[in-house]
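# model the following, please.
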Amino acid sequence: MKSKIKVGAVSYLNTKPLLYGLERSSIKENIVLSLAYPAQLAQDLKSGAIDIALLPVVAFQEIDTARIVSEYGIAANGNVVSVALFSQVPLAEIDTVILDYQSRTSVRLTRLLFAEFWEKEVQFLPASNHFIQEIKGNTAAVIIGDRALEQLPNFKYHYDLSAAWKSHTGLPFVFAAWVANKDLPADFLAAFDAANAMGLDHLDEIAEANAIPYYELKTYYKDNI
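Have a look, this model is predicted:
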């Protein structure tokens, strides 16, 4: 029996369009799909527990055999909305930033922006399980993924990290790419790309199926990512 290719992705709303075709097209017969948080995907791809991951870009150089295998991924050209610094005070008054280490890419981006774009020294702290409750006074935090969308109405200030990157460099920001740790058959990769493309043809349907009360997913899927 031909062994199936093990594919790992995050379970956030931003991956729904990419997973749509993987779960519905004929390629589903040839893969085993698992979901995990970003840092875990990097660890699993490095160990060989999975063959392809929607890998956070900061982890790419840590895997000797890593190679990008798809034209699809997660990127933003300006506001991404779901990766942001949340605060109750303006940026100038922030002195402490809590970093969620489930996403090392966002952590690295935050540190870079404070050093090179905002040019502001702050204390960085690792996140606890309930770190959102610790955002008060001069303490801010980076929140990513679905939780970031949910928190939009709850904080007076939120600074979009992708928009800041765009202002700093003039470039889009790639958060994650489909990365393999080995050579894979060309016919499989062609089918894999076709499966990814399938979701982009059904964005309205995907947005309606996963609707949330605090942000319009049609805007998220068509304008933000």
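# only C-alpha atoms for contact and neighbour calcs from this point on.
Fine.
# partners of the residue nearest to residue 141 when sequence neighbours are not counted in the sheet?
Using C-alpha to C-alpha, 6 or more residues apart in numbering and skipping the chain neighbours, the partner closest in space to residue 141 is residue 98 (4.4 Å). For residue 98, the residues forming beta bridges with it (DSSP bridges) are residue 125, residue 141.
# is it correct that residue 98 is in contact with residue 143?
No. With contacts counted by C-alpha atoms under 8 Å, residue 98 stays clear of residue 143, the gap being 9.0 Å.
# give me the longest helix you can find in the chain.
When the chain is parsed with DSSP state H, its longest helix is helix 186-200.
# what residues sit buried inside the helix or strand that comes right after that helix?
As assigned by DSSP states H and E, the chain's next helix or strand after helix 186-200 is helix 203-209. Judged by neighbour count (16 or more other C-alpha atoms under 10 Å), helix 203-209 contains these buried residues: 203, 206, 207.
# can you redo those residues as TSV with distance to residue 191 and pLDDT?
Listed next are these as TSV, based on distance: C-alpha to C-alpha, whole Å; pLDDT from 0 to 100:
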residue	distance to residue 191	pLDDT
203	20	97
206	21	98
207	24	98
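# pick the one among those closest to residue 84.
Minimum distance to residue 84 across the buried residues of helix 203-209 is 21.3 Å, recorded for residue 207 (C-alpha to C-alpha).
# burial of residue 30, as a residue count?
The local packing of residue 30 (other C-alpha atoms under 10 Å) involves 14 other residues.
# list the contacts of it.
In this structure, residue 30 makes contact with 3, 4, 5, judged by C-alpha atoms under 8 Å, 6 or more residues apart in numbering.
# ditto for residue 37
Residues in contact with residue 37, defined by C-alpha under 8 Å, 6+ apart, are 9, 10, 11, 102, 103.
# quick check: it vs residue 102, distance?
Spatial separation of residue 37 from residue 102 under the definition C-alpha to C-alpha, to the nearest Å is 6 Å.
# mind checking the SS state of the nearest residue to residue 191 once chain neighbours are set aside?
Here the nearest residue to residue 191 in space, its sequence neighbours aside, is residue 27; by C-alpha to C-alpha, 6+ apart that works out to 6.6 Å. Secondary structure state of residue 27, per DSSP: H, G, I helix; E, B strand; the rest coil, is helix.
# buried residues in stretch 144-163?
With burial defined by 16+ other C-alpha under 10 Å, the residues of stretch 144-163 counted as buried are 144-146, 148-149, 151-152, 157-163.
# please flag which of the residues you listed sit within strands.
Where these overlap with strands, as defined by DSSP state E, the overlap consists of 144, 157, 158, 159, 160.
# the first one reaches residue 99, doesn't it?
No. Under the criterion of C-alpha under 8 Å, residue 144 makes no contact with residue 99, lying 10.0 Å away.
# who touches stretch 166-185?
When contacts are taken as C-alpha under 8 Å, 6+ apart, the neighbours of stretch 166-185 outside the stretch itself are 45-46, 48, 51-57, 60, 63, 65-70, 72-78, 105, 117, 162, 165.
# only the buried subset of the residues you listed, as a PyMOL command please.
What follows is the PyMOL syntax selecting those of these that are buried according to 16+ other C-alpha under 10 Å:
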select buried, resi 45+46+51+52+53+54+55+56+57+60+63+66+67+68+69+70+72+73+74+75+76+77+78+105+162+165
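# pull the distance from the longest strand along the chain to the chain's centre.
Selection of the longest strand in the chain by residue count, based on DSSP E, yields strand 67-76. Distance of strand 67-76 from its chain centroid, counting by C-alpha atoms, centre = their mean, to the nearest Å, is 11 Å.
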